[in-house]
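Q: Sequence and predicted structure below; questions after.
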Amino acid sequence: MNEIKIIIAGPRGRMGSEAVQLVTATAHFKLAAVLDHKNDGMMLSDVAGFQSISNVPIYTDIEKCLQEVEADVLIDLTTPEVGMYHAKTALEYNVRPVVGTTGFTKENLAELEDICREKELGCIIAPNFAIGAVLMMKFSQLAAKYFHDIEIIEMHHDQKLDAPSGTAVKTAEMISAVRETKKQGHANEKETLKGARGAEYDGMHIHSVRLPGLIAHQQVLFGSDGQTLTIRHDSYNRASFMSGVKVAVETVMKHNNFVYGLENILD
Ligand SMILES: NC(=O)c1ccc[n+]([C@@H]2O[C@H](COP(=O)([O-])OP(=O)(O)OC[C@H]3O[C@@H](n4cnc5c(N)ncnc54)[C@H](O)[C@@H]3O)[C@@H](O)[C@H]2O)c1
Ligand SMILES: O=C(O)C1=N[C@H](C(=O)O)CCC1
């Protein structure tokens, strides 16, 4: 397999640090540089926790990084505003983005899709890299053909910035694609405490739980006459996301189009 040269944005973060381990441990991947918001000009080996990783420069300016470093793929694990800027800039420099950062708007996704079409370049946006989570979303889409009343409960660690999670939004979008819009609950339902029924997406309700101790969990509840069905996925650590990151990096090199969701590239 040809070597794939990779830049990681957000290397000191919970996901970014795991991605650094993945890339440096994979024979056909090369960590070409990292993008951080500090430590410009230093080497990654100068940063606590990364002493064993040699020859990886740190940049704070993506343009300078892309001008000086030869790269094939940018993995972004930062924040939505930064991630969007990174993805657009990477495409400008013919570098393929693999974005795990969540919180992108529909407009963000449409803009990236347009750039990919124009540049004929691959880009993968994956709200969840865990294969089990992708299956949970696909199984939920299947169940929604038969069960039309649905509540999504996503549960994450309390340092998460965005709510609802990217996974919950993607799940609701996938269900919406096969289910007719339905107003759920009693027609005269009234919240006596604002937010009690959660957020609404196409009639479905999404509830976001944030607690220390959690990593990433979601259950999708389906109700019908005299029965319920619950589909649940749990990530207990961030290594659970890494096989999906690896597949996304390998696949983005073979595709010349925009992909939103890992379910579109898994066999
Ligand atoms: N797709 C998935 O499977 C998946 C899984 C987990 C988390 N996420 C998402 O990934 C993102 C990161 O999550 P996390 O838990 O690692 O967060 P985190 O806060 O631990 O890490 C984010 C990192 O981004 C860095 N950063 C901020 N601005 C930057 C800039 N301008 N340039 C470079 N780096 C910058 C921060 O210093 C931080 O280290 C979030 O959007 C989260 O929702 C996605
Ligand atoms: O820890 C996070 O933050 C996660 N974010 C993603 C989401 O928003 O769906 C995936 C799971 C972990």
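A: Thanks, I have the structure now. Numbers count the residues shown, from 1 in each chain. Ligands and ions are numbered 1, 2, ... in the order given.
Q: in the stretch 51-200 of the chain, which spans are strands?
A: 58-59, 73-76, 96-99, 123-125, 149-156, 199-201 (DSSP state E, counting those that start in this stretch).
Q: Give me the below-cutoff pLDDT ranges for the stretch 51-200 of the chain.
A: Under the criterion pLDDT under 70, no range of the stretch 51-200 of the chain is flagged.
Q: which parts of it sit against ligand 1?
A: Residues of the stretch 51-200 of the chain found near ligand 1 (CB under 6 Å from any ligand atom) are 77-79, 82, 100-103, 126-129, 162. No exception for glycine: its C-beta is placed from N, CA and C like everyone else's.
Q: picking that back up, I'd like the strands of the stretch 51-200 of the chain as TSV, with distance to Val245 and mean neighbour count appended.
A: Output for those, formatted as TSV (distance: least, CB to CB, whole Å; neighbours: other CB atoms under 10 Å):
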stretch	distance to Val245	mean neighbour count
strand 58-59	20	22
strand 73-76	7	29
strand 96-99	7	29
strand 123-125	10	27
strand 149-156	18	21
strand 199-201	27	16
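Q: Get me the contact residues on the stretch 101-250 of the chain for ligand 2.
A: The stretch 101-250 of the chain has residues 102, 127-128, 156, 160, 165-167, 216 near ligand 2, with proximity defined as CB under 6 Å from any ligand atom.
Q: What residue in this protein comes nearest to ligand 1?
A: Gly13 (2.1 Å; CB to the nearest ligand atom).
Q: Verify the stated contact: that residue with Leu77.
A: Yes: taking CB atoms under 8 Å as the definition, Gly13 is a contact partner of Leu77 at 5.8 Å.
Q: what residues do the two have in common as contacts?
A: The contact sets of Gly13 and Leu77 do not overlap (CB atoms under 8 Å, 6 or more residues apart in numbering).
Q: ok, so what distance separates Tyr85 from Cys116?
A: Plainly put, Tyr85 is 16 Å away from Cys116 if you go by CB to CB, to the nearest Å.
Q: Which of these two has more residues huddled nearby?
A: For the pair Tyr85 and Cys116, the greater number of neighbours falls to Cys116 (21 against 14), based on other CB atoms under 10 Å.
Q: separation between that one and Leu91?
A: Using CB to CB, Cys116 is found at 7 Å from Leu91.
Q: Give me the common contacts of the two.
A: By CB under 8 Å, 6+ apart, the residues touching both Cys116 and Leu91 are Cys123.
Q: residue at max distance from the center of the chain?
A: For the chain, the C-alpha farthest from the mean C-alpha position belongs to Asn188; by CA atoms, centre = their mean, that distance is 36.7 Å.
Q: give me every residue that touches that one.
A: Asn188 neighbours (CB under 8 Å, 6+ apart): none.
Q: which among the residues of the stretch 51-200 of the chain next to ligand 1 end up buried?
A: Buried members of those, scored by 16 or more other CB atoms under 10 Å, are 77-79, 82, 100-103, 126-129, 162.
Q: Tell me which two of those residues sit farthest apart.
A: The most widely separated members of these, counting by CB to CB, are Val82 and Asn128 (19.4 Å).
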